[in-house]
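Q: Fold the stuff below for me.
(chains A and B)
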Amino acid sequence: MKIFNKFVSACAVTLALTASVSAESIKIAYDADPVSLDPHEQLSGGTLQLSHMVYDPLVRWNQELAFEPRLAESWEQIDPTTTRFKLRDGVKFHSGNELTAADVLWTFNRLKASDDFKAIFNLFTSVEVIDDHTFDLKTSEPYPLVLHTATYLFPMDSAFFSGAEDNGNDKAAIVKHGDSFASRNISGTGPYKVTSREQGVSVQFERFGDYWDTASAGNVDSITLTPIKEAPTRVAALLSGDVDFIAPVPPTDLARIDGDGATDLVTMPGTRIITFQMNQDRVEAFKDKRVRQAIDYAVNNVGIVDRIMRGFGTPGGQASPAGYQGYDASLTPRYDVEKAKALMAEAGYADGFSITMMAPNNRYVNDDKIAQAVVSMLSKINIKVDLQTMPKAQYWPKFDERAADMMMIGWHSDTEDSANFHEFLSHCPNADTGAGQYNSGNYCSPEADALMAAANTETDAAKRAAMLQELEGILYEDAAFIPLHWQNLAWGARKGVDAAGIVNAMNFPYFGDLVVK
Amino acid sequence: MFAYLMKRLFQAIAVMFAISLISFAIQDNLGDPLRELVGQSVSEEVRQELRDELGLNDSFFKQYTRFAGKVLQGDLGTSYFFKEPALDVILKKLPATLELVLGATIIIIGVSVPLGVYTAIKPNSLFSKIVMGISIIGISIPVFLTAILMIFIFSVELRWLPSFGRGDVVHVFGPWSTNFATVDGWLHILLPSVALASIMLPLFIRLIRAEMMETLQSEYVRFAWAKGIRPKRIWFVHALKNTLLPVITVGGVQIGTMVAYTILTETVFQWPGMGFMFLEAVNRVDTPLIVAYLIVVGFIFVVTNTIVDLIYGLVNPTVNLSRMDA
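A: Numbering: from 1, shown residues only, chains lettered A, B, ... in the order given. This is a model prediction of the structure:
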């Protein structure tokens, strides 16, 4: 921290001298603060939100789910397994060092060594430095998601993070539990520097004077991020004017924030799908496709979104949300109780059967209420459900044990790509490759798996989309799982804070571009 | 006196040992700490490596003896989330909680004594009936509801008071920063203190009232009236002093309970104390921090009870500590 403080006072002097035109400062309240300042310690929404404030990726998503160049000025594929990137000139780190391709190489190697991030970079073999501002990103086979993955590459200041601390520890070390240099210090290229931080209490950011993106309209000079765990308190803090920007907004308070004259509500369809899986190894009946379809027909997704989510979600018939390559608009939510009963009778289960169900009660929006609703919907086709809900801390070990016949899981694709859903949720479980790690239903379709494998080496976007849509079609026809809805995202902001301009479906608000009037 | 304190010290150690054993035994049921440490797509293999590294795959006995050995050297483990020694984390959060408890205690004493005495002296007055009525409501509303209601009224609607956090604190020494040095600090601590006090306040008003009414019926008070002593002296010196003994006993126990209630109050107000820290630790399955918290709170309980016993001796000199069975 000492380094920081010196650094901060030096920068404060510089800032005072340059005297920026407008000096807006805002307070943000999230439900939690980032677990660490190290961008590679844990792959989570909080880490990525922080990364977008203090670092810059090579490319990033815009609001239309397209790529926007950031530190990479341009790129081209020079052969099926190599993409050549050109770095922006004159980009400076917070420490004053200049960004070069060597920093990208260094960061890439660190990502490959990170427990959490190495899976995403699995197919990437190397970064080859051509000159100071040019490098090649190589994959082991043709890979369609090079740019998707480049959104995870936030170059770190290799000079700043190299060498040893006074106590002999390597500054580059990634430590999951315990102290490390990188978890306390930051030098990125991003719009904000971290000036102070007390875990669980607040993080202070100050705009970086030498930020490269001078075209950005962002005019916020300092940001205070405070975690406010309790949703009602977070909402009250916004309504009372104690903070200027909050996320997430609980469904119960959407109307209140929208209706208040001093605040604005911004919502957006999210990409996290909430599903139920039916364990075929535990329940014989679930092996029958007709029974699974019957359950899908019995569950009223639209009703759940209307009543329980108060419209704060998009009912889904598949895993991929609109905008993803695998999204097939014809796969709509199914709901028809009569049809469900007929399917049950056809499969020989007209009298139904009894099953167990588990769901978390503090992981997804209204997760326990959704589970209760599904229980009553299933009773209409004579499936008696013994439901147990529990906090996520206890739920996940149960999920790993596959402890109930039906289990709830929500999934957000780390790569913002359709294949990721299948790989983790519905792929034939395979302990060696890790595929189907979260497939508690034990659904297995070699045909679907072959399609995913083919899609993952298909670099032609149109062909790949066709494959992934066919894959979604198979899962739909087989009723591999019960898709419920994609959770919406919501942010609340004081009027004058242009939240709508900086938010996106990934939930990484780009605060560097935030305009406050 | 010395023997008594030694006895208490051993008692404290025994209590903390028992707590550590129990909290260690239940920690497996709290969930899997790995879930909070790694991302969703991390493979089972990597998870197992991490579990080995953390020693989570060892037997209960091995884990506990390793933990106990470290405790003897003053190391209560390292928090997964804060990445610092658990005891340091707790000591950093302790001042915020103690200030909150202090604020609530001042409110409780300042309000319950006059109201308790008044309602005992004039049980049939309209004001007494209103106080008793409100205290019934107060005792039956859970603290988080009181807290949210107050935030809604005083922060959102009236905008008189801030809705969360500690505001401007002034550093005193070590981990202690105080709320009581700035106006902003006072404004921030007001709502949480009132919310915390609201749980105990009705209890104390009723307790003081009941004790006081009983004392007012006693022979020596009647004798005092007969002697023609001024009413104020009878009420506040003769009667109140004898009312206080049971109140202090209950108070000592309740201060411990108040530490428990800080968990809810601090969570609602995002108060950066150890109660909020504990709830977060449970949510994050930060087992070393949970165990350390329980041990520290056990210690606080024993200490407050010892202090209460000592105050006993001051209020009532006939209580002999050296002979008292603790």
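Q: from here on, contacts and neighbour counts on C-alpha atoms
A: Will do.
Q: does A:Leu137 belong to a helix or a strand, and which?
A: Assessed by DSSP states H and E, A:Leu137 sits inside strand A:134-139.
Q: and the spatially closest residue to A:Pro69 that is not a sequence neighbour, what is it in contact with?
A: Using CA to CA, 6 or more residues apart in numbering or on different chains and skipping residues adjacent in sequence, the residue nearest A:Pro69 is A:Val59, 4.6 Å away. For A:Val59, the contacting residues are A:67-72, A:147, A:150-151, by CA atoms under 8 Å, 6 or more residues apart in numbering or on different chains.
Q: residue contacts, the residue of the stretch 51-200 of chain A found nearest chain B?
A: Here the residue of the stretch 51-200 of chain A nearest chain B is A:Gly178; by CA to the nearest CA that distance is 4.2 Å. Contact analysis of A:Gly178 by CA under 8 Å, 6+ apart lists B:78-80, B:82-84.
Q: How about A:Asn382?
A: So A:Asn382 contacts A:350-353 (CA under 8 Å, 6+ apart).
Q: quick one: low-confidence parts of the stretch 201-326 of chain B?
A: For the stretch 201-326 of chain B, the stretches with pLDDT under 70 are B:317, B:319-326.
Q: Give me every residue in it lying close to chain A.
A: B:267-270, B:272, B:283-285 (CA under 8 Å from any CA of the partner chain).
Q: Repeat that for the stretch 1-150 of chain B.
A: With CA under 8 Å from any CA as the criterion, the stretch 1-150 of chain B meets chain A at residues B:29-33, B:35, B:37-44, B:46, B:78-84, B:148.
Q: which residue does the stretch 1-150 of chain A bring closest to chain B?
A: A:Leu43 (4.9 Å).
Q: Count the residues that sit near that residue.
A: Neighbourhood size, A:Leu43 [other CA atoms under 10 Å in any protein chain shown]: 21.
Q: That one contacts B:Val38, doesn't it?
A: Yes - using CA atoms under 8 Å, A:Leu43 makes contact with B:Val38 at a distance of 7.0 Å.
Q: Find the residues that touch each one of those two.
A: A:Asp116.
Q: For the strand holding A:Leu137, what does the pLDDT average out to?
A: Strand A:134-139 comes out with an average pLDDT of 96.
Q: Can you name every helix or strand that it contacts?
A: Counting by 3 or more CA pairs under 8 Å, 6 or more residues apart in numbering or on different chains; DSSP states H and E, the packing neighbours recorded for strand A:134-139 are strand A:82-87, strand A:124-131.
Q: Those residues of chain A touching chain B, which are they?
A: A:35, A:42-44, A:115-116, A:119, A:176-179, A:199-201, A:227-230, A:232-233, A:236-237, A:239-240, A:242, A:391-397, A:424, A:434, A:437.
Q: List only buried entries from those.
A: Among these, those scoring as buried are A:35, A:42-44, A:115-116, A:119, A:176-177, A:179, A:199-201, A:227-229, A:232-233, A:236-237, A:239-240, A:242, A:391-397, A:424, A:434, A:437 (criterion: 16 or more other CA atoms under 10 Å in any protein chain shown).
Q: Those residues in helices, which ones?
A: Under the assignment DSSP state H, those contribute A:232-233, A:236-237, A:239, A:392-397 to helices.
Q: From those residues, which shows the smallest pLDDT?
A: Among these, A:Ala393 has the lowest pLDDT, at 81.
Q: surely it meets B:Asn29?
A: No - A:Ala393 is beyond contact range of B:Asn29, at 9.3 Å (criterion: CA under 8 Å).
Q: picking that back up, sort out which of the contacts of A:Val59 are buried, if you could.
A: A:68-72, A:147, A:150-151.
Q: Which members of those define the maximum pairwise distance?
A: A:Leu71 and A:Leu147 (12.8 Å; CA to CA).
Q: Burial check on residue 269, number of neighbours?
A: The chain I'm using is chain A. 18.
Q: that answer is for a different chain, and I need it for chain B
A: With other CA under 10 Å as criterion, B:Phe269 counts 30.
Q: Let me see the backbone angles for A:Ala72.
A: phi -90, psi 120 (degrees, to the nearest 10).
Q: That one contacts A:Arg84, correct?
A: No - checked against CA under 8 Å, the pair A:Ala72 and A:Arg84 is beyond contact range at 9.9 Å.
Q: if we can go back for a sec, ok, of the contacts of A:Val59, which one's closest to A:Ser222?
A: Taking the contacts of A:Val59 together and measuring to A:Ser222 by CA to CA, the closest member is A:Arg70, at 21.9 Å.
Q: Let me see the residues that make contact with the one helix or strand B:Ser177 maps to.
A: Assigned by DSSP H and E, B:Ser177 falls within strand B:176-178. With contact meaning CA under 8 Å, 6+ apart, strand B:176-178 is reached by B:92, B:95-96, B:99, B:169-172, B:185.
Q: what lines up beside that strand in the sheet?
A: strand B:170-173 (antiparallel) (DSSP bridges).
Q: List the contacts of the strand it pairs with.
A: Applying CA under 8 Å, 6+ apart, the set of residues contacting strand B:170-173 is B:177-179, B:181-182.
Q: Got a PyMOL select line for the buried ones in those?
A: Restricted to buried positions by 16+ other CA under 10 Å, the PyMOL selection for the contacts of strand B:170-173 reads:
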select buried, chain B and resi 177+178+179
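Q: could you redo the contacts of strand B:170-173 as JSON lines and give each row pLDDT?
A: Listed next are those as JSON lines, based on pLDDT from 0 to 100:
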{"residue": "B:Ser177", "pLDDT": "87"}
{"residue": "B:Thr178", "pLDDT": "90"}
{"residue": "B:Asn179", "pLDDT": "88"}
{"residue": "B:Ala181", "pLDDT": "87"}
{"residue": "B:Thr182", "pLDDT": "90"}
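Q: which one of the contacts of strand B:170-173 sits closest to chain A?
A: B:Ser177 (13.6 Å).
Q: and the closest one, what are its bridge partners?
A: B:His171.
Q: can you tell me how far whichever residue of the stretch 101-250 of chain B sits closest to chain A sits from B:Asp168?
A: Nearest residue of the stretch 101-250 of chain B to chain A (CA to the nearest CA) works out as B:Val156 at 4.4 Å. Distance of B:Val156 to B:Asp168, computed by CA to CA, to the nearest Å: 20 Å.
Q: what do you get for A:Ile186?
A: 26 Å.
Q: Mind checking which of the two has more residues around it?
A: Using other CA under 10 Å, the more surrounded residue of A:Ile186 and B:Asp168 is A:Ile186, with 24 against 18.
Q: what residues are up against that one?
A: A:37-38, A:54, A:193-194.
Q: What pLDDT is listed against it?
A: 92.
Q: Phi, psi for it please.
A: According to degrees, to the nearest 10, A:Ile186 has phi -140, psi 140.
Q: What residue, apart from its backbone neighbours, is nearest B:Leu216 spatially?
A: Per CA to CA, 6+ apart, closest to B:Leu216 is B:Ala239, 6.4 Å.
Q: So what's the residue count around the one you found?
A: 23.
Q: Equivalent analysis for A:Tyr152, please.
A: A:Tyr152 has 25 nearby residues by other CA under 10 Å.
Q: Is it within a helix or a strand, and which one?
A: Here A:Tyr152 is assigned to no helix or strand, by DSSP H and E.
Q: my read: it touches A:Pro57, true?
A: Yes - when contacts are counted by CA under 8 Å, A:Tyr152 is listed as touching A:Pro57 (6.4 Å).
Q: can you tell me how far B:Leu207 sits from B:Met258?
A: Relative to B:Met258, and taking CA to CA, B:Leu207 is found at 17 Å.
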